[in-house]
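Colleague: Any chance you can model this:
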Amino acid sequence: THWYHPHIHHATAVQAGGGASGMIIVQDEEGALPPAYANMEEVPFFMQLVDLLRMKTMASHGGDHMFTPKGTENFVIVNG
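Modeller: Numbering: from 1, shown residues only. Below you'll find the predicted structure:
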């Protein structure tokens with residue numbers, strides 16, 4: 001399983017910080033895992049902490065002038 005976050009230069013904070021990220025799930029080849037693992041139920045879980053104050057600082061230092069949220073409260077995004 002891999003994590004991705006799309007962005008263009010100087011707009012990382014607004015996109016990744018705004019929740020534009022997720023999982024890429026890679027399936028194993030048949031027989032690649034021992035049966036005890038291969039037969040387990042998979043439960044994809046993705047959690048992201050959005051720290052608005054830190055994102056504002058990063059956006060400012062990175063020249064991202066598009067990211068201008070109001071407030072500084074943190075919040076968590078779970079599975080999108």
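Colleague: For the rest of this, base every contact and every neighbour count on C-alpha atoms.
Modeller: Fine.
Colleague: which SSE is Gln15 in?
Modeller: helix 12-16 (DSSP states H and E).
Colleague: helix or strand right after that helix?
Modeller: strand 22-24.
Colleague: check contacts around Met23.
Modeller: Thr1, His2, Trp3, Tyr4, Phe46 (Cα atoms under 8 Å, 6 or more residues apart in numbering).
Colleague: repeat for Tyr4
Modeller: Ser21, Gly22, Met23, Ile24.
Colleague: Between these, which sits nearest Gly63?
Modeller: Ser21 (20.9 Å; Cα to Cα).
Colleague: How about that closest one, nearest residue that isn't a chain neighbour?
Modeller: Take Ser21 and drop its neighbours on the chain: the residue closest to it by Cα to Cα, 6 or more residues apart in numbering is His5, 4.3 Å away.
Colleague: contacting residues around the one you found?
Modeller: With Cα under 8 Å, 6+ apart, His5 has these contacts: Gln15, Ala16, Ala20, Ser21, Gly22.
Colleague: and the first one, what pLDDT?
Modeller: With respect to pLDDT, Gln15 scores 71.
Colleague: and what of the third one?
Modeller: Ala20 is assigned 73 on the pLDDT scale.
Colleague: Tell me how far it lies from Pro34.
Modeller: For Ala20, the distance to Pro34 equals 34 Å [Cα to Cα, to the nearest Å].
Colleague: just the fourth one next, same as before
Modeller: As for Ser21, its distance to Pro34 is 31 Å (criterion: Cα to Cα).
Colleague: Neighbour count: the two, which is higher?
Modeller: Ser21 (18 against 8; other Cα atoms under 10 Å).
Colleague: Trp3 against Val26, yeah?
Modeller: No. Here Trp3 lies out of contact with Val26, judged by Cα atoms under 8 Å, at a distance of 11.0 Å.
Colleague: How about Trp3: what's its closest non-neighbour residue?
Modeller: Counting by Cα to Cα, 6+ apart, the residue nearest Trp3 is Met23, at 4.8 Å.
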